[in-house]
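Peer 1: okay, here's the prediction I keep looking at, along with the sequence it came from:
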Amino acid sequence: MYCAYPLFLGKMSVTINREQQISILGCGWFGLPLAIEFVRIGHHVKGSTTSAEKVTLLKSKGIQAYKTEINEMEIIGNLDFFQTEILFIAIPPKRSANEQHTFVSKIENIIAAIRNSKVKQVIFISSTAIYGDDNHSVDESSAPHPSTNSGKAILSSERLLQNEVSFTTTILRFAGLIGPDRNPGNFFANKKNIPNGRAPVNLIHLLDCIKICLSIVEKKAFGKIYNCCCPDHPQKQDFYSQASTRAELPAPEFIDELLNWKTVSSTNVNKYLKYDFEVPNWNSWLNATGK
């Protein structure tokens, strides 16, 4: 549940250099706890949501809330939201056949709004899905080859943002997301004949997602591409079977085979941020909390 976030993030400690204006477009599963943490350490945060009900929740957490809807034609809402120093774009594409065109159009509308604002730094929440499963290890220097419509939409959006000269774009390519309300034990519980059991997993915990964002802002390490993925890559059949057992759910059954796969390395997270993952090993995490 949402109420777990403040307790969950309370252990985090970041030194604030000065108060900054930060807008987070998309206060969902990731964006909301990120906004809460920026408020906690002393920044002024604007947050957007498409829900009138959630506006009240954001305000209760000290976030300047905006009801904002973005479609392929326009942005509906108060554009004062974009009057900020740092803008996080955390609105993932939907999994639909026409989303490649629709999502890119939304990003184009956002870029137009940014051009009329004081935004200097854009941080775009991307995905490691842009690499595709080409049977090799990838890092930030690897050529992307997305195989899904959403992956293609995200890569096109990355390039649109990077081509703009009125602001600097930082790309965060998140691996599969787990954390509160996303217990991996639920993902495959009680399912049978799941293919590709020996494929390596590429995952990251919400805590690391947020701390990497805080580190980028604190160190002013903008303008780069960061893969954000736990350095531990157990086999899918081992990790999810253990996760289901820890969640006291029926274990899944995988086909013991290796088909298409990739392992994602977070080279730039170490190079530019000197960041140590809070969850560096999945076996230890599952045995400790699994949440």
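Peer 2: On my side now, so go ahead.
Peer 1: mind listing what's buried along stretch 60-74?
Peer 2: 61, 63-68, 70 (16 or more other Cβ atoms under 10 Å). Where you see a C-beta, it was placed from the backbone N, CA and C, and this is true even at glycine.
Peer 1: residues making contact with it?
Peer 2: Residues outside stretch 60-74 that contact it (Cβ atoms under 8 Å, 6 or more residues apart in numbering): 25, 27, 32, 35-36, 39, 44-52, 54-56, 58-59, 75-78, 80-81, 91, 101-102, 105-106, 109-110.
Peer 1: now, the buried residues of stretch 60-74 that are in strands?
Peer 2: Here DSSP state E is the test, and these give 64-67, 70 as lying in strands.
Peer 1: and Ile76, what are its phi and psi?
Peer 2: Main-chain torsions, Ile76, degrees, to the nearest 10: phi -100, psi 110.
Peer 1: neighbours around it, how many?
Peer 2: Using other Cβ atoms under 10 Å, Ile76 has 11 other residues around it.
Peer 1: with adjacent residues omitted, what lies nearest to it?
Peer 2: The spatial neighbour of Ile76 that comes closest, neighbours along the chain excluded (Cβ to Cβ, 6 or more residues apart in numbering), is Glu69 at 4.3 Å.
Peer 1: likewise for Leu249?
Peer 2: Closest residue to Leu249 apart from its sequence neighbours, by Cβ to Cβ, 6+ apart: Ala189 at 3.9 Å.
Peer 1: any idea how far that neighbour is from Lys236?
Peer 2: As judged by Cβ to Cβ, to the nearest Å, Ala189 and Lys236 stand 14 Å apart.
Peer 1: these two: which has the busier surroundings?
Peer 2: Comparing Ala189 with Lys236 by other Cβ under 10 Å, the one with more neighbours is Lys236, at 22 against 19.
Peer 1: pLDDT score for that one?
Peer 2: Listed pLDDT for Lys236 reads 98.
Peer 1: next, give phi and psi for it.
Peer 2: According to degrees, to the nearest 10, Lys236 has phi -60, psi -40.
Peer 1: Cys27: how many residues sit nearby?
Peer 2: 30.
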